[in-house]
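Asks: can you look at this prediction? I've put the sequence above it.
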Amino acid sequence: MSPKSKKEKSKSAPVFSAELAARFDALVEKYPVKRSALIPMLLYAQDEAGYLSDAVVAEVARRIGITELEVRDVASYYSMLRFKPAGRYNIQVCTNISCMLRGAYEVSERFQEELGIGPQGVTPDGLFSLEEVECIGACCWAPAVQVNYDFHDEIRPDHVLGILSGYRGKIRPAEKDPAKEPAKGTPPHA
Amino acid sequence: MPRLVSHPDEVKIVSRRFGMGATSIDRYLELGGYEPVKKCLAQGPEWIIEEIKASGLRGRGGAGFSTGMKWSFVPKQSAKPKYILVNGDESEPGTCKDHLIFLHDPHAVIEGTIIAGLAVGAKMGFIYLRGEYRYLLEIMERAVADAYERGFLGSKIFGSEAEFQIVTQTGAGAYEVGEESALMESLEGKRGIPRIKPPFPAVVGLYGGPTVINNAETIATVPHIIAMGAAAYAALGTPRNGGTRLFCISGHVERPGVYELPLGYNLKKMIYEVAGGIPDGHKLKAVVPGGSSTPVLLPEEIDIGMDFDQVGKAGSMLGSGGVVVIDDHTCMVEFALRIISFYAHESCGWCIPCREGTDWLKKSLTRFHAGFGSLSDIDNIQYLAENMLGRTFCPLGDAAAMPTIAFVKKFRKEFEDHLNGKPCPYAREGVPQLTVV
Amino acid sequence: MPEVTFTVDGKKLRAPAGTLLIDACRKAGIEIPAFCYYPGLSLQAACRMCVVRQEKVPKLQTACTTTVAEGQVFITESPEIAQARKATIQLLLGNHPLDCPVCDAGGECELQDMTFKYGAGESLYAEAKHHRDEQQWSPAVFYDRPRCILCYRCVRMCGEGMDVWALGVSGRGADSLIVPNQPNQLDCEQCGMCIDVCPVGALTSGSYRYKTRPWEMTHVSTVCTHCADGCTVTLGVRQTSDGSEIVRADNRDKNGINGDFLCAKGRFGFDFVESPDRLRQPLVRSNGRLEPASWEHAIRLAASKLKEIRDTRGGAAIGVIGSNRTTNEENYLLQKFARTVLHTNNIDHERSTDYAALARALAGQSGKTASLRDIASACAILLIGGNPTDEHPLLAWLLRTNVRLNRARLYIANAKPIKLTRQAKDALKIKSGDYNDLPASLDAGRSAFAKAIRAEGSLLVIFGEEMRGEAVEKLVAWGVKRGNVRFACLGDHSNSRGAADMGLLPDLLPGYVPVAAPGAFSEYPNLPATPGKSLPQMIEAAGKGELGALLVVGADPVATRKLDPTLFNSTFLVVQDLFLTETAALADVVFPAASLYEKSGTVTNTFGDLQLLRKGADRAGVKPDFEILVRLAGGIIDDIKTLVPFGQRGVTGDLGQSRGAQAGEADRHAIWLEANGLEPKLSPFDPLAILDEIERLVPGYPLDRINLFAGNDVHTKLSSPGYVPVAELAGSGLIAPAHDTLFTSGRLGRWSEALKQLAQHQAKELVETAAD
Ligand SMILES: Cc1cc2nc3c(=O)[nH]c(=O)nc-3n(C[C@H](O)[C@H](O)[C@H](O)COP(=O)(O)O)c2cc1C
Ligand code: SF4
Ligand code: SF4
Ligand code: SF4
Ligand code: SF4
Ligand code: FES
Ligand code: FES
């Protein structure tokens, strides 16, 4: 996609919701330097859009006043930022030492069985994705799992079904089809 | 909600307000909060720095540097604004103490930050939380907003002439960003690559201005020291190791949890008494005393006081206070592999020895643990780790190398047991062996 | 900074406090290995190769970040240090493909050298290596991640050095890699500097990859043939069945005025030399068609025809158009040929700026011209007009570097916003494109810009073609009055300055000596005393049927001036060129000429810096313009020595005393060559045979030969005896600048496939570069 067509697109449909745009405007005011808003902004934009699409990257670059390359360089460094969509509920099972010692891999295994996906997979309906992640700062309540930003402490394999159904229940009947539009192309630097 | 624990041996200073609803600013005030900062406003910067020096407070982030000394390095005069940077990146495996501070006592962090600002003449502070701590960030943001509303933050704090602003910041997933100069880079919206030192942050830090960077626990401890007096605080610990700290006891213990104990508290006691010992009738095999970066200790090495100096003498480090207890049903090769794959994942990639070394060690250990190793691999692993040590750009390389060397040296027999295609002696029923790709 | 004394490997060294240890050591001949350190670029401390032991410091220190202070003691080689470096290389090789036998950098690879030195060849590594396919980012730049050692030189060179910032680092840990600014594509200036600084074969050049190995080439250091800045370029030359071909151009030795720099044209635009469209045989028109002919026949035909027209219609019926890309010797010879053999002052060239006006305005002054080296060190520079980033890439580089490393103050006065404004301390927008009032406004203006200029001590003024004629005179007058000023003026091509300096002008002899000046060039036989026709006047005369013959050397007026092809119907047209240009296609005789890369001689860049060309490639069938002219003259006059003084080696060594200056010069040259251990090859076709005459007759060209022949640049002095007021010069209306981009080079660029591809890549792929 050429940068020109990207720009045209950003004119026709706003990349950021009004809320996100307002949040950004407030954010940049806080710092001595505008660029300090970059990482939070990427994370908040990803929370809204599901991942950092080309359009999001271009929009953030424009708003901060840096190049898209700089945005990608930074975004690709941080493990929470992604250039491909994840499930609506991204299940992150900590498998680092404290959690491993208390059965994290068994928990991950159970998630894989229940969801029918691998340790870094996405369910076909786009509802769940699974990740084995590094320590999430809950080592004394191991094994720990994070679903999006929610912490779940002291998880045993037999908690897995309960967690999943809790999130399934969160989907209102009106949005029964949670599948997001599939990723358009692969990210350039994936 | 993370479970709170307690034990009679605990001396609750930083954790005093845990579970008491102190996220509410009114409750915090009821519990004596924001009195220390008023005292500091009255006493002035020199007094604050002297108090903190006298308290023997040493950084809780890992390196254990004297906090009062660190503050005293900041130049009095500076053309550029000075900053306080609170390190809440908490990503060292085995460590979850700052988690509880943000959750239960956010105003203590704010108050400590203001005091640090008063001490060095900074007008702005940043509180940086790792990206995964979104719910804690929201608690901190609420607390900061409340403090602004009361006039505790802003251009005339507590009705004085002093100004102090606080900005909260989220990370986005990177252990290396906990390193102080990488943290500053990240806060400036860049990749978390450490900076060349010198200049040190106290002279040239955030946005080029002199910067004090402290761990969240260090900062949250400061108001308590002011409140109780430096001497009383120092007296709680051992010589040169003032006060208490939060120990995160995790792994194979009956009652894992975050316990506040005086520095110098006996490690063996910590495991067997405070945390209730090893469950399921298993035996202790090893202890990682201060987070994943610290060399492992054998059962016969743990009859030591947990302060910076004694653990150092035992060949390891007090680090971030993450005590990871390992029982005798654990494969140490797998454990070493899990640690090195963490460092390989978190290496920022800037310098050759760490970037290539962690990657290589991870691959070698993966193969080795899968039963495809040879005797020379054991030596190579040690050789590689030893050649990373002290040669990398930042301490992450050492943090990866040191524990690896200790695992190979102390558990060589267990490495040898993996040779000749033998299955891992500790393989668990139904759990595939750890193979990291 | 005060000097300090410190000890390295037992030797006491001195350097200014704060000098980087690695620099201090290199200066003292102690080589410290380094992958990431690159002089002039920001520090990284990333590769850890430069580790040294400092007394009383627990850990090994990196020499690239350690600054020296009084009394320090260092050790740079010891078993401990060697082991550290060896281990680092072993670690690197763990993921390195070790495809050295097919790698472009093989033989020129710093990793290879280090592996050899520290003996890290044996592999400890049994793991699978990371594989990634090679990527092509542009016609010029390829990236092979597995070979990349992540030294970040390319990223810094592109950003800090080029101010393009097209490269970044993506990912982290062992997954880190270098990325271009578009999805797998580079939108940039395509300078290839990133390739140049890459210590290994990770970045390779589209034009050179897999062609040959470094040791199969001869490396010839010469001067770039494109813009007027005069970069030293090293040609990699390989023998072929009918001569030799250029397989690459780069900046191997980095010892020219360009330092580290080379732009896309210098690096990739050499391929016109190898174009299949090159003429390789003389052509003669018969029955209305150009047919191949022998050299002998073509020369005889052209010479006799020129002689006939001269003798029947007089020299005034003949015109000569010279080139911006022939050597000084050729240009000098061409005007001498026109004036003394053809008896005409009808000589001109395509002018791209008003050198003549500057020369005349500076008449009587000395030391008022700036060399390119001055640009690199001046404290304050005023740039008027022009767009160096596109038209003078080296100048732009030097300006950026000077601002970045020395905090030079750059002031820009321009009608358009140009990219260099980013480096400027202040910029003044010239309204309605009128530069003429600038000196007055600088003198009296109350703008911050004018005040800042007035407050500067010394000032270097560079102006483009926007200032011509009287505007130049006013500018010079302003500068001379304010004092402490030096000037430079920007023209287009590799020897545009030389063309003007050597008198390819109808009214001015070499050195801007007016034709009409009493006694000027009195030793020239048959020199007509009145100015001749300018280029447009010659064309006009041709149109009227008044131009009997026209000799065009390395120029294409039919194309540049869009002339009617019937215009020369009644003119005998002789063309010397590399290609069958639009002008050549109309000619009666066409001679295939050698390019600047296929001959020796000297050229003068737009700053007046004279440099030596070394013959790189060789091509059967073509001849240098010098030789063609001498042969032509041979068919018109009897004693060729009146045109080219030459002699035989060692025959006479009288330094000219006994036989007059002319006769002795070639001998003197021979003696000089011999004394300096060079090989005297004297024949009338040796262009250097005429160097002494240039030195003797052309004001401003005293030659520092030791330096010149050592390959250094020698600043000439733009000076002109002061007779004619600038207003009376023929010049300013005749200036037709090419306004080259990064990928065009006057009429020559069309013959470079590489440049065409780069231009296409940039045009299709990509949005305009940041500031322009
Ligand atoms: C790789 C690495 C990761 C680190 N991570 C953290 C961290 O997550 N939190 C922290 O407080 N300090 C961390 N540190 C230590 C900091 O660099 C710094 O020393 C500390 O924040 C200073 O605060 P203190 O003096 O209060 O301990 C880390 C250091 C390194 C080298
Ligand atoms: S040791 Fe080097 S590669 Fe590793 S985290 Fe530090 S700077 Fe990055
Ligand atoms: S070719 Fe030049 S401009 Fe392009 S990326 Fe390389 S250094 Fe940058
Ligand atoms: S491509 Fe070359 S110059 Fe760039 S980082 Fe890799 S090795 Fe260094
Ligand atoms: S700057 Fe000019 S002289 Fe130098 S390489 Fe480019 S075109 Fe050639
Ligand atoms: S190891 Fe799992 S949360 Fe820390
Ligand atoms: S040259 Fe010093 S670390 Fe690379």
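Replies: Received the coordinates, thanks. Residues are numbered from 1 along each chain as shown, chains lettered A, B, ... in the order given. Ligands and ions are numbered 1, 2, ... in the order given.
Asks: please count neighbours and contacts with C-alpha atoms only from this point.
Replies: Noted.
Asks: so residue C:525 versus residue C:532, what's the distance?
Replies: Distance of residue C:525 to residue C:532, given as Cα to Cα, to the nearest Å: 17 Å.
Asks: in terms of neighbours, single out the busier of these two.
Replies: More crowded of residue C:525 and residue C:532, by other Cα atoms under 10 Å in any protein chain shown: residue C:532, with 23 against 14.
Asks: helices along chain A, start to end?
Replies: Secondary structure of chain A by DSSP state H: the helices cover A:3-12, A:18-30, A:38-49, A:54-64, A:68-75, A:97-101, A:104-115, A:160-170.
Asks: and the angle from the last one to helix A:104-115?
Replies: With axes from the mean of the first three to the mean of the last three Cα atoms, to 10 degrees applied, the angle from helix A:160-170 to helix A:104-115 works out at 50 degrees.
Asks: just give the nearest non-adjacent residue to residue 160, would you?
Replies: In the absence of a named chain, this looks at chain A. residue A:111 (6.4 Å; Cα to Cα, 6 or more residues apart in numbering or on different chains).
Asks: switch to chain C, that's the one I care about
Replies: In space, residue C:160 is closest to residue C:41, 6.9 Å off (Cα to Cα, 6+ apart).
Asks: out of the helices of chain A, nearest to residue A:147?
Replies: helix A:160-170 (9.0 Å; Cα to Cα).
Asks: tell me what the closest one is packed against?
Replies: helix A:104-115 (3 or more Cα pairs under 8 Å, 6 or more residues apart in numbering or on different chains; DSSP states H and E).
Asks: got the contact list for the helix it packs on?
Replies: For helix A:104-115, contacts defined as Cα atoms under 8 Å, 6 or more residues apart in numbering or on different chains pick out A:93-95, A:118-119, A:123, A:128, A:130, A:132, A:142-144, A:155-157, A:160-161, B:431.
Asks: 6 Å - rerun?
Replies: Outside helix A:104-115, the residues that touch it by Cα atoms under 6 Å, 6 or more residues apart in numbering or on different chains are A:95, A:118, A:143, A:157.
Asks: with stretch C:245-256 instead?
Replies: C:208, C:232, C:233, C:234, C:235, C:236, C:237, C:238, C:260, C:267, C:617.
Asks: isn't residue B:220 right next to residue B:111, touching?
Replies: No. The criterion here is Cα atoms under 6 Å, and residue B:220 misses it with residue B:111 at 7.5 Å.
Asks: how far away is the residue nearest to residue C:160 from chain B?
Replies: 14 Å (Cα to the nearest Cα, to the nearest Å).
Asks: name the SS class of that residue, please.
Replies: For residue C:41, the assignment made with DSSP: H, G, I helix; E, B strand; the rest coil gives coil.
Asks: distance of it from residue C:162?
Replies: Applying Cα to Cα to residue C:41 and residue C:162 gives a distance of 11 Å.
Asks: equivalent analysis for residue B:102, please.
Replies: 46 Å.
Asks: ok, these two, which is more surrounded?
Replies: Taking neighbours as other Cα under 10 Å, residue B:102 and residue C:162 compare with residue B:102 leading, 27 against 24.
Asks: part of a strand, is residue C:685?
Replies: No. Membership of residue C:685 in a strand is not supported by three-state DSSP, which gives coil.
Asks: that one against residue C:629, yeah?
Replies: No. Using Cα under 6 Å, residue C:685 makes no contact with residue C:629, being 9.1 Å away.
Asks: just to revisit the earlier point, out of the helices of chain A, the one nearest residue B:203 is which?
Replies: helix A:18-30 (23.2 Å).
Asks: chain center to the closest one, what's the gap?
Replies: Offset of helix A:18-30 from its chain centre (Cα atoms, centre = their mean, to the nearest Å): 20 Å.
Asks: which residue ranges make up the domains of chain A?
Replies: Domains of chain A are assigned by automatic domain parsing as A:15-77, A:89-180.
Asks: export those domains as JSON lines, with columns for mean neighbour count and distance to residue C:255.
Replies: Converted to JSON lines, the domains of chain A look like this (neighbours: other Cα atoms under 10 Å in any protein chain shown; distance: least, Cα to Cα, whole Å):
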{"stretch": "domain A:15-77", "mean neighbour count": "19", "distance to residue C:255": "34"}
{"stretch": "domain A:89-180", "mean neighbour count": "20", "distance to residue C:255": "51"}
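Asks: check those for me: which has the lowest mean pLDDT.
Replies: Note on the domains of chain A: lowest mean pLDDT is at domain A:89-180, with a mean of 92.
Asks: quick one: check that one for contact with ligand 1.
Replies: No. For domain A:89-180, no contact with ligand 1 is found by Cα under 6 Å from any ligand atom; the gap never falls below 9.6 Å.
Asks: which element follows the helix or strand of chain C with the lowest mean pLDDT toward the C-terminus?
Replies: Of all helical and strand segments in chain C, the minimum by mean pLDDT, DSSP states H and E falls on helix C:660-675, at a mean of 57. Remark: after helix C:660-675, the chain's next helix or strand is helix C:691-697, criterion DSSP states H and E.
Asks: which positions in that next one come out as buried?
Replies: Within helix C:691-697, the residues that qualify as buried are C:691, C:692, C:693, C:694, C:697, counting by 16 or more other Cα atoms under 10 Å in any protein chain shown.
Asks: what of stretch C:550-562?
Replies: Residues of stretch C:550-562 classed as buried by neighbour count (16+ other Cα under 10 Å): C:550, C:551, C:552, C:553, C:554, C:555, C:556, C:557, C:558.
Asks: just the helices in the stretch 251-400 of chain B please.
Replies: Ranges of helices in the stretch 251-400 of chain B, per DSSP state H, counting those that start in this stretch, are B:267-269, B:308-313, B:332-346, B:352-367, B:375-388, B:395-410.
Asks: for these, which one sits closest to residue C:339?
Replies: Judged by Cα to Cα, the one of these that comes nearest to residue C:339 is helix B:352-367, at 67.0 Å.
Asks: which elements pack onto the closest one?
Replies: Applying 3 or more Cα pairs under 6 Å, 6 or more residues apart in numbering or on different chains; DSSP states H and E, one finds that helix B:352-367 makes contact with helix B:332-346.
Asks: rerun that using 8 Å as the cut-off
Replies: helix B:332-346, helix B:375-388, helix B:395-410, helix C:79-94.
Asks: any idea how far the residue in chain C that ligand 1 sits nearest to is from ligand 2?
Replies: Residue nearest to ligand 1 within chain C: residue C:173 (12.8 Å; Cα to the nearest ligand atom). Counting by Cα to the nearest ligand atom, to the nearest Å, the gap between residue C:173 and ligand 2 amounts to 7 Å.
Asks: nearest spatial neighbour of that residue, skipping sequence neighbours?
Replies: residue B:349 (3.5 Å).
Asks: before we move on, the earlier item: ok, which of the helices of chain A comes nearest residue C:470?
Replies: helix A:3-12 (44.5 Å).
Asks: and the closest one, average pLDDT?
Replies: 45.
Asks: what does stretch B:399-406 give?
Replies: The average pLDDT within stretch B:399-406 is 98.
Asks: and what of stretch C:209-218?
Replies: 79.
Asks: and that stretch, end to end?
Replies: 17 Å.
Asks: in that stretch, what's buried?
Replies: Buried residues in stretch C:209-218 (16+ other Cα under 10 Å): C:209, C:212, C:213, C:214, C:217, C:218.
Asks: ok, now which ones touch the third one?
Replies: By that I understand residue C:213. Listed by Cα under 8 Å, 6+ apart, the contact partners of residue C:213 are C:104, C:106, C:107.
Asks: what's the neighbour count on the first one?
Replies: As a burial measure, residue C:104 scores 23 neighbours (other Cα under 10 Å).
Asks: residues touching it, list them.
Replies: For residue C:104, the contact set (Cα under 8 Å, 6+ apart) comprises C:201, C:204, C:208, C:209, C:210, C:212, C:213.
Asks: now do the SS call for the closest residue to the third one other than its chain neighbours.
Replies: Pointing back at residue C:208 there. Distance criterion Cα to Cα, 6+ apart; nearest residue to residue C:208, sequence neighbours excluded, is residue C:248 at 5.8 Å. Here residue C:248 is recorded as strand under three-state DSSP.
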